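A.B. asks: Sequence and predicted structure below; questions after.
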Amino acid sequence: ASSPVRYLLHDGELIDYADARLHVLSTSMKYGVGVFEGFRAYWSEEEGELYAFRVQDHMRRLLDSMRVVEIEGPTDIDELTEQLLGLVRANDLRSNLHMRAQVFVDSADGKPDDTGPSTVYMAAIPMGNYFGATGLDVQISSWARLSDRAMPPRVKSIANYQNGRLALLEARRNGYGAALLLTENGHVAEGAGYNVFMVRQGRLCTPPSTESILEGITRDSVIQLAQKELGLEIDIRPIDRTELYSADEIFVCGSAAEVNHVKSVDRTPIGDGSQPGEITAQLQGLYQQAVRGQLDSFRDWVIPVYGT
Ligand code: PMP
C-alpha cells in the first residue's frame, strides 16, 4: 500500500510509515487509553515557507492530557516541538499539513490501570480543507456531551472520541453534515471535533471551559483575534439550545475544522442560510492570516519550519 509520507516518528526516532505498531494486548488497545494532539502547518507560496501553528500550546495540552488520564511520558515541551518540526523537515513537506502527536500505554498484557511504559508517535501528513468552505448544516445531537464527572472532555483523550463519533454518525444518518452536542444540563457544549461560537443580539458568545468542552486552541485564537483585531468583547457564558435557533451567526472552529460557518441548526436557517455572517467572515480571514504569520501582533503563534 502507498504511504502518504515516508517517515513517522517513534519516541523521537524516524521510522518508516509502515513500521508503526502497537500491540493488540497493550493497555491502549484493550482499554482505549491514550492521548493525542492535532496541529496544523500552513504553506506560504509567496515566502516559500511552512508555518507551524501554536505547536508549543498543543504540546502543553498534550502534557495536561497525560497528567489527567495518568499516562507517564515526556515532559519537555521544547523537545517535543523540535521532534515534530524535525519530522516535517525529514519528509521535506511543503504544503498545508495536519500533524499529530499520540501517546499510548504499550504494556505487554496491559492492565486497565497501567500508566506506562508509554510510547510516543508523531505524524505529519498533507491535508487540504477538512470541511470545504461551503458551511455546515448541523444537527443538535440526541447524545449528551460527556461530562467532567465521567470522562474529562477538557483533555484530548482518545476514548472521548467515541462520544463525538456517535453524534456524527447519527447526524450523517439523518442527512446532516455535522453535530453539536449539549451538556447533561442542556447547554451547548461543542461538536465532534470543534468548538462553537454564536453572534446573537450583536454579541459574540461561546461556552466557558467548564461546559464539557475541549479547551480548544482555535477557540482561544478566535477569542484573542476578536478582542485584539476587531475590538469585540466576548461573552463567555452558558448558551441554551434555543439561542442557536435565533442566532444571527454561528461558526465552529478547530485546528482541522479551521473557522467554518453554520448554515442551519436542525434545519432552521442561520443568517441567510448559506453565506457566513459579517463577524464570522472577518474572523475566518483573520484566522487564515494568523496561521501564516501575517499578523504582527500574533507572530509568536507561528514557527517557520524551514527557517527562511
Ligand atoms: N473539541 C473537540 C472535541 C475536538 O476534538 C477539537 C479538535 N482538537 C476541538 C474542540 C478544537 O480544538 P483545537 O482548536 O485545539 O483543535
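C.D. replies: Cool, got the structure.

A.B. asks: from memory S65 sits against V33, does it?
C.D. replies: No. Under the criterion of Cβ atoms under 8 Å, S65 makes no contact with V33, lying 11.3 Å away. Where C-beta positions appear, they are placed from N, C-alpha and C, glycine not excepted.

A.B. asks: just checking, next helix/strand downstream of the strand ranked longest in the chain?
C.D. replies: In terms of residue count, the longest strand belonging to the chain (DSSP state E) is strand 34-44. Downstream of strand 34-44, the next assigned helix or strand under DSSP states H and E is strand 49-53.

A.B. asks: Direction included, what does that next one pair against?
C.D. replies: When pairing is defined by DSSP bridges, strand 49-53 lines up against strand 34-44 (antiparallel), strand 302-304 (antiparallel).

A.B. asks: residues of the following helix or strand past that strand that come out buried?
C.D. replies: Sequence-wise, the next helix or strand downstream of strand 49-53 (DSSP H and E) is helix 55-69. Within helix 55-69, the residues that qualify as buried are 55, 57-66, 69, counting by 16 or more other Cβ atoms under 10 Å.

A.B. asks: so can I have CSV of those showing distance to K228?
C.D. replies: Formatted as CSV, the buried residues of helix 55-69 follow (distance: Cβ to Cβ, whole Å):
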residue, distance to K228
V55, 21
D57, 17
H58, 21
M59, 24
R60, 21
R61, 22
L62, 26
L63, 27
D64, 25
S65, 28
M66, 31
V69, 34
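
A.B. asks: Including pLDDT and distance to H98, could the residues you listed go into TSV?
C.D. replies: Shown next, in TSV, are those (pLDDT from 0 to 100; distance: Cβ to Cβ, whole Å):
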residue	pLDDT	distance to H98
V55	98	13
D57	98	16
H58	98	12
M59	98	16
R60	98	19
R61	98	16
L62	98	16
L63	98	21
D64	98	21
S65	98	18
M66	98	21
V69	97	23
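
A.B. asks: Can you name the residues of the protein that neighbour the ligand?
C.D. replies: Within the chain, the positions near the ligand by Cβ under 6 Å from any ligand atom are 38, 164, 190, 193-195, 214, 216-219, 254-255.

A.B. asks: could you pull out the strands for the stretch 201-308 of the chain?
C.D. replies: Remark: strands assigned in the stretch 201-308 of the chain by DSSP state E, counting those that start in this stretch are 203-206, 234-236, 249-254, 258-265, 268-269, 302-304.

A.B. asks: Bridging across strands, which residues link to the spatially closest residue to I239 that is not a sequence neighbour?
C.D. replies: Closest residue in space to I239, ignoring its immediate chain neighbours: V188 at 4.1 Å, by Cβ to Cβ, 6 or more residues apart in numbering. Under DSSP bridges, the beta-bridge partners of V188 are L182.

A.B. asks: Span of stretch 122-139 from start to end?
C.D. replies: Start-to-end span of stretch 122-139 (Cα to Cα, to the nearest Å) is 33 Å.

A.B. asks: Please work out how many residues are found near the nearest residue to D266 once chain neighbours are set aside.
C.D. replies: In space, and not counting its chain neighbours, D266 is closest to I140: 5.6 Å by Cβ to Cβ, 6+ apart. Residues near I140, counting by other Cβ atoms under 10 Å, number 18.

A.B. asks: my read: I140 touches R241, true?
C.D. replies: Yes. Between I140 and R241 there is a contact under Cβ under 8 Å: 6.0 Å.

A.B. asks: So for those two, which residues contact both of them?
C.D. replies: Here I140 and R241 have L182 as joint contacts, going by Cβ atoms under 8 Å, 6 or more residues apart in numbering.

A.B. asks: quick one on the thing from earlier: dump the strands paired with strand 49-53 to a markdown table, plus mean pLDDT.
C.D. replies: Output for the strands paired with strand 49-53, formatted as a markdown table (pLDDT from 0 to 100):
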| stretch | mean pLDDT |
| --- | --- |
| strand 34-44 | 97 |
| strand 302-304 | 98 |
